[in-house]
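Novice: Please find the sequence and the predicted model below.
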Amino acid sequence: QAARAAGREVVLVSSGAVAAGRARVASAGEGLVLRQALAALGQTQLIGFWQALLSVPVAQVLLSHDDLRDRRRYLNARATLRELLRLGALPLINENDTVAVDELKLGDNDNLAAATASLVDADLLLIATDIGGLYSADPARDARAAPQPRIAHITPHLLAAAGAAGRIGTGGMRTKLEAAAKAATAGIATALFCGRDAEVVAALRADRLHGTLIERADNTLSARKQWLRHAPATGQLTVDAGAAAALCAQGASLLPGGVVAVAGEFHRGDVIEVRASAHPAQPLARGLAQYNAAELRRIAGRKSGDIESILGFRYGEAVIHRDDLVLLVHGPMP
């Protein structure tokens, strides 16, 4: 409320619906359907909890995988959030766990928060942790662990260290760094702080951060490219070395001749992921498919001039046009 009183617009990402639902009924066992039911039971409890703490209206917004995958739904969600802020409400964001299935979940709340920050073009992403930000080692195990007040870039080494037990922080620090990296590419800095320390939280009201600030990237992406970068993909293409080089070095469109494999089922206009055959574990790019999966399987490896004779129609010579494609790596493939 103090932030809002200072003229700042706030969007809150909060979990807890499943736990709240479990507290309301006697439930035994686990499983997807039970979690979905508990989420439905707990949503009102979660909203009530936050509304009791605030004098402004709290508006629940449940996002799903499809809300970020589909461009029209993405833009609709952004318009709704902006209108809620204009009305003076506090949007409370959560994943729609009542219908989400494991293979189509947005994932953890840290990455959901980064996606939401991008959705509303936020100036700052704040992520509460159970420790005082990022440390050089696990402060619970290493007395020499030093706080890291400022990070310019999230490097692969830093991510690897965060994912290793006892190296950097606790409480899912890797997911927080992944979220910060995504926010950085959208031009949004991220502040990591201890949400359990009242003095640390109070200092934020005075623009003082006792934690870690992860700076935004200098070469930020456009809103469209940002959406393409982080929208969940529904399929995957594997391309040969020539196509991978053309994408990375020349900023070219992806042509069917460079496609060596098609995975998944997707429609024209869906977001799909591109990987190089030489480096299948590392995503190379994401983009909008010009043809559906069945059509792509028929034209993969063929020349663009053959598309119409094979399919009986032609949407264009590219599988993914360069205007609808964003690279996930910089420079040539290693």
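Specialist: Cool, the structure landed.

Novice: can you give me the strands for the protein?
Specialist: With DSSP state E as the criterion, the chain has strands at 12-13, 58-63, 90-95, 124-129, 150-151, 189-194, 211-214, 235-239, 259-263, 271-276, 279-288, 325-327.

Novice: Export those as a markdown table, with columns for distance to Gly29, mean pLDDT and mean neighbour count.
Specialist: No exception for glycine: its C-beta is placed from N, CA and C like everyone else's. Formatted as a markdown table, the strands of the chain follow (distance: least, C-beta to C-beta, whole Å; pLDDT from 0 to 100; neighbours: other C-beta atoms under 10 Å):
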| stretch | distance to Gly29 | mean pLDDT | mean neighbour count |
| --- | --- | --- | --- |
| strand 12-13 | 28 | 94 | 20 |
| strand 58-63 | 25 | 93 | 19 |
| strand 90-95 | 22 | 92 | 22 |
| strand 124-129 | 31 | 94 | 21 |
| strand 150-151 | 42 | 94 | 15 |
| strand 189-194 | 35 | 95 | 22 |
| strand 211-214 | 39 | 95 | 24 |
| strand 235-239 | 34 | 96 | 22 |
| strand 259-263 | 34 | 97 | 18 |
| strand 271-276 | 35 | 95 | 23 |
| strand 279-288 | 35 | 90 | 18 |
| strand 325-327 | 42 | 93 | 20 |
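
Novice: low-scoring stretches of the protein, by residue?
Specialist: For the chain, residues meeting the criterion pLDDT under 70 lie at 1, 28, 100-107, 163-171, 330-334.

Novice: care to break it down by domain?
Specialist: What automatic domain parsing lists as the domains of the chain is 2-225, 233-327.

Novice: Excluding covalently adjacent residues, which one is nearest to Ala261?
Specialist: Closest residue in space to Ala261, ignoring its immediate chain neighbours: Thr238 at 3.9 Å, by C-beta to C-beta, 6 or more residues apart in numbering.

Novice: quick one, what contacts that neighbour?
Specialist: Neighbouring residues of Thr238 by C-beta atoms under 8 Å, 6 or more residues apart in numbering: Val259, Val260, Ala261, Val262, Ala263, Val274, Arg275, Ala276, Ser277, Pro280.

Novice: wouldn't the second one be in contact with Arg302 here?
Specialist: No. With the criterion set as C-beta atoms under 8 Å, Val260 and Arg302 do not qualify as a contacting pair; they are 11.8 Å apart.

Novice: need the contact list for the nearest residue to Ala184 once chain neighbours are set aside.
Specialist: What sits nearest to Ala184 in space, not counting adjacent residues and going by C-beta to C-beta, 6+ apart, is Ala217, at 4.4 Å. Taking C-beta under 8 Å, 6+ apart, we find Ala217 in contact with His153, Ala184, Thr185, Gly187.

Novice: And Ser304, by the same measure?
Specialist: Taking C-beta under 8 Å, 6+ apart, we find Ser304 in contact with Leu255, Pro256, Gly257, Glu317, Ala318.

Novice: And for Ser15?
Specialist: Neighbour list for Ser15: Asn94, Asn109 [criterion: C-beta under 8 Å, 6+ apart].

Novice: Kindly report the same for Gly257.
Specialist: Residues in contact with Gly257 (C-beta under 8 Å, 6+ apart) are Ala243, Gly301, Arg302, Lys303, Ser304.

Novice: can you do 7 Å?
Specialist: Gly301, Arg302, Lys303 (C-beta atoms under 7 Å, 6 or more residues apart in numbering).

Novice: The last one: how many residues sit nearby?
Specialist: Read it as Lys303. By other C-beta atoms under 10 Å, 12 other residues sit near Lys303.

Novice: what's near enough to touch it?
Specialist: By C-beta under 7 Å, 6+ apart, Lys303 lies in contact with Gly257.

Novice: one more time with 10 Å, if that's ok
Specialist: By C-beta atoms under 10 Å, 6 or more residues apart in numbering, the residues touching Lys303 are Leu255, Pro256, Gly257, Ile310, Glu317.
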